[in-house]
Each structure stands twice: as structure tokens, then as C-alpha cells.
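Enquirer: mind folding the following:
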Amino acid sequence: MKRFLQLLIYPAAFTLVLACNPSKGDMSLEEMYTHKADSIIAIMTLEEKIGQLNLPASGDFTTGLASSSNIAEKIKAGSVGGLFNIKTAEKIRAVQKIAVVESRLKIPLIFGMDVIHGYETLFPIPIGMSSIWDMELVEKSARIAAIEASADGINWTFSPMTDISRDPRWGRVSEGSGEDPYLGAQIAKAMVKGYQGDDLSLNNTIMACVKHFALYGAPEAGRDYNTVDMSRIRMYNEYFLPYKAAVDAGVGSVMTSFNEIEGVPASANKWLMTDVLRDQWGFNGFVVTDYTSINEMVEHGIGDLQKVSELSLKAGVDMDMVGEGFLTTLKQSLDEGKITEKQIDDACRRILIAKYKLGLFDDPYRYADPERTKKEVFNAEHRQVAREIAAQSFVLLKNKDNILPIQKKGTIALIGPLADNKENMAGTWSVAGRFDQAVSLSEGLRKAVGDKANVIYAKGANVVADSLLESRVSIFGKPTYRDNRPAEMLIQEALAAAKNADVIVAALGESAEMSGESSSRTDIELPENQRDLLKALLKTGKPVVMVLFTGRPLALTWEEENVPAILNVWFAGSEAGDAIADVLFGDVNPSGKLSATFPQNVGQIPIYYNHKNTGRPLGEGQWFSKFRSNYLDVSNEPLFPFGFGLSYTDFNYGEIKLSGTALQGDQTLTVSVELTNSGKYDGKEVVQLYIRDVVGSVTRPVMELKGFQKVLLKSGETKTITFEITPEDLKFYNSDLNFAWEPGEFEIMVGGNSRDVKKAKVDWKE
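Expert: Okay, the predicted model is just below:
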């Protein structure tokens, strides 16, 4: 605080601030920061207070509908509280200097960026990270991202995204952790811990921002930004848990979502932002909108810009991203008595407190250190960790006759539009990444085999046949390098490359920006021209391994029936090519498990494992029965279930053993199962615990994930895996939205995925 006082240029203000700041020992840290923030608010003009609520984009990177202009002049005038998506320590230092030297009150700016799955060292996209099922590695990825971003001047990230989604048509499923609230909650906690550490004032931690609050992952028709409508009991039981987990973990900020909830857009929804977030969950950080979401409420139809800005402030929103509705209308709304100055003060206070927590008043330049940038950003150590983590995110979907792993000998035909494209390895939302430094699959394979094998490459097909569509998914510095020759010519070239090969590796799927924001799809099958290439390759009779790049669950029914081996690699980040080679050649045994169900076709959507029964459920093992809940043309089953993932070895589960079958009150149930690695490779298995509350006051899902452990077993080794269940694990929100458990019969399930489980029952009384 001393530094801040020295910068004040008005003597009266200096005296007031000094008088209002007690010693640290007199109160808690939170109370001290609040008192200090209030001392600043006392000397601020109304315009300066409102200025703290304004978050423009820097212009380095912009998305959405608008970007701010004349930013430097606004900073000098005290009309900017922070900036986002500006990169490099030098630039950030220069902009911060404007705030702390040239503005009246010298209040430092907060600098944010979409550090979603790494900074310059990129990790797998979030849906890929969620397939690891290892919270230590998830936290480690966020820790490295925080180290790199903070070294380059960033002190705030718009991550983690914790939106539950059961609709793979929605492009932003790639940015979340899948369909399950329990798994999503564990990942949310790990990410917040990785970003924020134990002390936000340390210069290698950054403030996290959980998003998008709330329900953004359930839009109608899977179309981005679209309407969401669901019951409150569903919100609490199926969608809220990951957001709340982030709040419980101490997340510093929350971002509003674009969608409406119960007819009111999130950024104006007081029930959501105040009643739930602050009053029920005890959140004490600040709330920021998503990009221009206040302005976009005009199109929703709830008022003009002044009205929607008023509604947002009154709902509990503190900072307006880019739209400048607060900056341009709040003074008029105050003059007209539509809002109070206390509401402005409350928002301003929360933002100032965040800046205190980040240590910005002590040293506004603490996060902009060019020397740290040279040492800590995109270094060899971080890239090695990214490679190791990426390899554990891959999900082996099929491996007929143990085609994988392949050997480092002979001739390998590497074919496909994603085989030699380093820029697309990063996946979506990788704004700080060094795409030119990424490792392509072609490069990774060639490095791995050295002079032991020959790798022959041919593109074989474009990402999609339609050039207009391809232009939509070839943006943000991630070209697809379209080949305008006829499709048949590309296929013939691929067949020529495959003619003398011992094995064919087909690198197919989506390009990086075919998923992500504003990348919804109605057709989630492999593009037809890529399937034509795949059919031609299969006709050669040679073993074909499909390396699948995707940011969403795809409908791969034909591929599952016809392709002998499928390895889903998502988009694995900076070290993708090396990590894929590690798994293809068996240097790493794949251990990823799906965090989202893969449907047989788009008509099954939404499809998810923890569904409820109807009154006419299909019988176990049945495909179709008239007057039951099923389809005429396809079974109810998914193509690949939640939690699914194969290994190069085999894991056998013994029968479940329970510490008791009749429990009472707050007793603990111990669940154990013997797991044996019966194959010839060492490997990791994710042991998953599910329960079913058989009878409830409201209907309960057929199963719910309640625990998991990722364990390493050597070939031939057996381990006893143990879980403990208490009544806390049995709780749910009832029709009165009370969080409680109900006595009765419970089914306990343990297995390697949500479909293949061992079962036992227990009766639990009050």
C-alpha cells in the first residue's frame, strides 16, 4: 500500500487513505483489503468508480461483436479497470505504466487472457484433459499455465470452463470436462488450485475465473448462445456442482453466460448472481460478463442498453467485458434513481479487493518480468510435461487383433489432412500458443523411428469437401492448407503412398476450429470425403490405424464397424506429434477414458450415462420391444459409453466386497475390488465407482459417478482397490431443493467404464 500512497498526487486524498488503513494485525486479510478498498472508493469520483467496472479488449486479440477504441486515453481518465488478451511482459508493463503514472488515482489494471489449456506451452484441450482422470496432472497443467502466463504479465485467466454438456453438436463441448458433474467438479477444483495456488499475491499465480455461469452447456438444438430451459431441481443436481466446486475452492472471479435462465439472461439474473452465487454459496469474489453479453441482452428483448446495464448491476454483475454499457449508461441511471451509488460502490470494491489480493497495489509490475519470460515460458521442462500429459489423454477406442502398438520398422504410410499440420495440433482456444513450434504427427513419427523405419506421407483428402465450409474452420492462425486438386486424385496419391507400406496410419477427423465457440455442427460424423479416403485405404487389405482428431464426441458407427484400430487423440497441444508417436509405438500405454458419451448417430442426442428411467424402460439386453422407450432403427446404447477406454493390456475385475450390507446413520461403507493386469504390458486403469439410489422422493439416475482412482499395475500384478462411501456421498437436492440423503436400498457398481461394472447392494437406514 505504501507504493500506492506515494503515487497519490492530491494531499487531501493522501491523508484520507492513510487514515483509513489500519495495521494488518488488527483484522483479517479479507477485512483489511475491504477497508483499503473502501478508503480508495471514498476519494473516487463517480466516473472513476464506474471506470473500474469497465473491461475492454486490448486489440491484440478480439472476438465477438465489438472492441473498444482509444484505450490509452480511457486509462488516463480512470475509465478502465482492466484489459484482456494483451500479450508480452513489455506491452503489459507499458500499459500498466499509463494507469499508475498518468491517471489521477494511479489504480493498477488487472490483465486477463483466455489461458484455457496452457499459455505458450499448450496442453490437450479441456475435453482431452478430462479424459486423463488424474487430478494431479490436471492441477499440474494449470500450474504450468499460471507460471508461464504470470511471467508474461497476465494475472487473470478466464478458466476453468465447467459447463456440463450432453450435446456434442455444441462446439464448446471441447472446452469443458464432459457430461458428468462429479468428474467436472473434481477437475474444477484442481484447475483453480493449479492457477491460484495458496497465495494469489505470489507473482507466479493467477486469478481463475469459473465460467460460464450458468447452464451454458445445455443450449437448445446444440446451437451456441441459444436458449436454455430446465427445472431448478435439474440445475442443482446435474449442472451446478462444478461451478460450486470452483467457488468452494476459492475461485477469485465468475463469468456470466450468454444464455437465458428461466426467461432472464444470465447477466441480468439476480436469482443466479446474487441469491445462488453469493447468498447460497458464499462467493465473495467479483463477477465479470462474457464478451458484450450485457449489450446482447438488447437482442434478447429485455430492454435498451441503459436498461440491461441497470439490470446487470442490480443482479450482481461487477465488471462489463467490452460492451461499455456500464461506462456509458450507469451515471444516467443513477441520476434517474434507477440504481444506487452503493450498488456501484459494491461492484467497485470487489474489483479493488481482487487487485489487492493479486498484490498489484504493492507492485503493479510484479507480473511483467521479461527475464522470467525468457526462462519460464515455453521451456524444455514444460514441453516435456505437456508431452507426458498429452499421451495420457488419448483414448483407445478399438484395437482389433492388437494392431497397436505398431513397430518401428518397415514402411509406415502416414495419410490424412491432419497428418502434417502442426498449426492444428493446438486445438481451439489457444490464443497465446506458438503454432509454428508445435510438433506435427508427421514430425513426431519421423523423430520416433529415426532410421529404423520409412515414413511416407500423402494428404489423401481435404478436411471437408466444401471449400466454403473449410474456410469457416481455417481461422485464428490455423490453416488447413486446402488442396484444390480433384478428390479422386488425392486418394490415388494416398494409395500410391500406401502401396508398399506395412501399416497405414490415417490422421483424420476435425480441424482445430471445427469445435469451440460458434462451431456448432448438425452432422457429427466423419466428413464424407475423409470417409471415402478411409474406405479406399481399407480396401488395400493393409492394417489401418485411425488417429482421430476431434474436439467433441463424434458418431463413428461405420468406422467402429470397419476400421481395426481407432486412437482418439483429441487436440493434444504443443507436443501432440511426439505424444501420439509415444502411444502408437507403445512407449506409452494409452490410459485415457471418455468423459462424454459417443452416440451411434446424431438422433440419439442428448445421450449420457446418468440418465433416468422412464416408466417403460427397455429390458436389460433388449434391442427393441414395442411400447417400450426405444427407437425403431437403432438401439438405445451408445457407441462408446462414458468412462470407456481400452489399453494395450487387459484388466480383470473381481467381485465387489462390501464392509457391510446393512448400515445405519453416518456409518462408512468400504467398497473393495481386486484388479488384475492379466496382459503383457504394464498399464494404468481408471477404476470407477458408481452408485444408484434405487428409491427416492424424486426420481434418481440409473447410476452416478461417486469416485475414481487411476492406478498403475505391472503385467501380472493384482491390487485391491478400496473406496469409502458415507451418507454425504448419497445426498441430492429434493423437490424442496434441500440437500439431503434418504435411507433405503443402494446399488454399488465398480468397473472400468459406466457400462461394464460389477454390482452389489446395500441397505442404509437412518
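Enquirer: next, the most centrally placed residue in the chain: phi, psi?
Expert: Of all residues in the chain, the one closest to the mean position by C-alpha atoms, centre = their mean is Gly176, 3.3 Å from it. Main-chain dihedrals, Gly176, degrees, to the nearest 10: phi -110, psi -170.
Enquirer: distance of it from Glu90?
Expert: Distance, Gly176 to Glu90, by C-beta to C-beta, to the nearest Å: 34 Å. The C-beta positions use only the backbone N, C-alpha and C, and glycine is treated the same way.
Enquirer: now swap in Ser141 and tell me
Expert: Distance from Ser141 to Glu90, by C-beta to C-beta: 26 Å.
Enquirer: cool, Ser697 as well?
Expert: Ser697 sits 61 Å away from Glu90, going by C-beta to C-beta.
Enquirer: and for Tyr481?
Expert: Taken as C-beta to C-beta, the span from Tyr481 to Glu90 is 33 Å.
Enquirer: same question, Leu508
Expert: Here the criterion is C-beta to C-beta. By it, Leu508 lies 41 Å from Glu90.
Enquirer: the helices in the stretch 451-600 of the chain, which residues?
Expert: Here the stretch 451-600 of the chain has its helices, by DSSP state H, counting those that start in this stretch, at 467-472, 487-498, 528-538, 557-562, 576-584.
Enquirer: backbone dihedrals for Asp466, please?
Expert: Backbone torsions of Asp466, given as degrees, to the nearest 10, read phi -80, psi 120.
Enquirer: how about Gly744?
Expert: The phi/psi pair for Gly744 (degrees, to the nearest 10) is phi 150, psi -160.
Enquirer: just checking, it touches Arg692?
Expert: No: between Gly744 and Arg692 there is no contact under C-beta atoms under 8 Å: 10.8 Å.
Enquirer: okay, domains of the chain per the record?
Expert: Domain assignment for the chain by automatic domain parsing gives 393-595, 651-765.
Enquirer: quick one: distance of the last one to the chain centre.
Expert: Read it as domain 651-765. In terms of C-alpha atoms, centre = their mean, to the nearest Å, the gap separating the centre of domain 651-765 from the centre of its chain is 26 Å.
Enquirer: swap in the longest one?
Expert: Averaging C-alpha coordinates over domain 393-595 and over its chain gives two centres that are 23 Å apart (C-alpha atoms, centre = their mean).
Enquirer: quick one: average pLDDT of it?
Expert: Domain 393-595 shows a mean pLDDT of 97.
Enquirer: ok, now the last one?
Expert: Averaging the model's pLDDT scores along domain 651-765 yields 98.
Enquirer: span of that domain from start to end?
Expert: 35 Å (C-alpha to C-alpha, to the nearest Å).
Enquirer: for the longest one, same thing?
Expert: Separation of the first and last residues of domain 393-595 by C-alpha to C-alpha is 11 Å.
Enquirer: could you say which helix or strand holds Leu655?
Expert: One correction, residue 655 is Glu, not Leu. Glu655 is part of no helix or strand when elements are defined by DSSP states H and E.
Enquirer: how near is the residue nearest to the centre of the chain to Ala391?
Expert: Separation of Gly176 from Ala391 (C-beta to C-beta): 22 Å.
Enquirer: ok, now which ones touch the nearest residue to Ser131 once chain neighbours are set aside?
Expert: Nearest residue to Ser131, sequence neighbours excluded (C-beta to C-beta, 6 or more residues apart in numbering): Gly592, at 4.1 Å. Neighbouring residues of Gly592 by C-beta atoms under 8 Å, 6 or more residues apart in numbering: 128, 131-133, 392-396, 568, 645.
Enquirer: from Gly752, how far off is the residue nearest to Asn589 when sequence neighbours are not counted?
Expert: Of all residues not flanking Asn589 in the chain, Gly683 sits nearest, at 4.3 Å (C-beta to C-beta, 6+ apart). Distance of Gly683 to Gly752, computed by C-beta to C-beta: 11 Å.
Enquirer: next: Met32.
Expert: According to C-beta to C-beta, Met32 stands 51 Å off from Gly752.
Enquirer: cool, and Asn226?
Expert: In terms of C-beta to C-beta, Asn226 sits 35 Å off from Gly752.
Enquirer: more neighbours: which of those two?
Expert: Gly752 (21 against 16; other C-beta atoms under 10 Å).
Enquirer: name the SS class of Met749, please.
Expert: Following DSSP: H, G, I helix; E, B strand; the rest coil, the label given to Met749 is strand.
Enquirer: try Gly112
Expert: Following three-state DSSP, the label given to Gly112 is strand.
Enquirer: gap between it and Phe258?
Expert: 18 Å.
Enquirer: which of these two has more residues huddled nearby?
Expert: Gly112 (27 against 24).
Enquirer: ok, the more buried one - contacts?
Expert: Applying C-beta under 8 Å, 6+ apart, we find Gly112 in contact with 55, 82-85, 154-158, 209.
Enquirer: show the backbone phi and psi for Gln664.
Expert: Main-chain torsions, Gln664, degrees, to the nearest 10: phi -140, psi 140.
Enquirer: how many other residues sit next to the nearest residue to it once chain neighbours are set aside?
Expert: Counting by C-beta to C-beta, 6+ apart, Lys765 is the residue found nearest to Gln664 once chain neighbours are left out, at 4.8 Å. Neighbours of Lys765 under the rule other C-beta under 10 Å: 10.
Enquirer: quick one: the strands in the stretch 601-750 of the chain?
Expert: For the stretch 601-750 of the chain, the strands defined by DSSP state E, counting those that start in this stretch cover 651-653, 657-658, 662-664, 669-677, 683-693, 704-713, 718-725, 732-733, 739-740, 744-751.
Enquirer: so which of the ones you listed is nearest Glu376?
Expert: strand 704-713 (28.4 Å; C-beta to C-beta).
Enquirer: got the buried residues for the closest one?
Expert: 704-711, 713 (16 or more other C-beta atoms under 10 Å).
Enquirer: sheet partners, orientation included, of the helix or strand hosting Met255?
Expert: Assigned by DSSP H and E, Met255 belongs to strand 253-256. Sheet pairing of strand 253-256 (DSSP bridges) gives strand 209-213 (parallel), strand 286-288 (parallel).
Enquirer: distance to Thr661 added to the ones you listed, as JSON lines?
Expert: Output for the strands paired with strand 253-256, formatted as JSON lines (distance: least, C-beta to C-beta, whole Å):
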{"stretch": "strand 209-213", "distance to Thr661": "40"}
{"stretch": "strand 286-288", "distance to Thr661": "47"}
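Enquirer: ok, Ala390 to Phe123 distance?
Expert: Separation of Ala390 from Phe123 (C-beta to C-beta): 7 Å.
Enquirer: partners of Ile412 in the sheet?
Expert: Here Ile412, judged by DSSP bridges, has bridge partners Val455, Val503.
Enquirer: these two touch, right, it and Tyr457?
Expert: No: checked against C-beta under 8 Å, the pair Ile412 and Tyr457 is beyond contact range at 9.5 Å.
Enquirer: burial of the closest residue to Lys761 other than its chain neighbours, as a residue count?
Expert: Nearest residue to Lys761, sequence neighbours excluded (C-beta to C-beta, 6+ apart): Glu747, at 5.5 Å. Number of residues near Glu747 (other C-beta under 10 Å) recorded here: 16.
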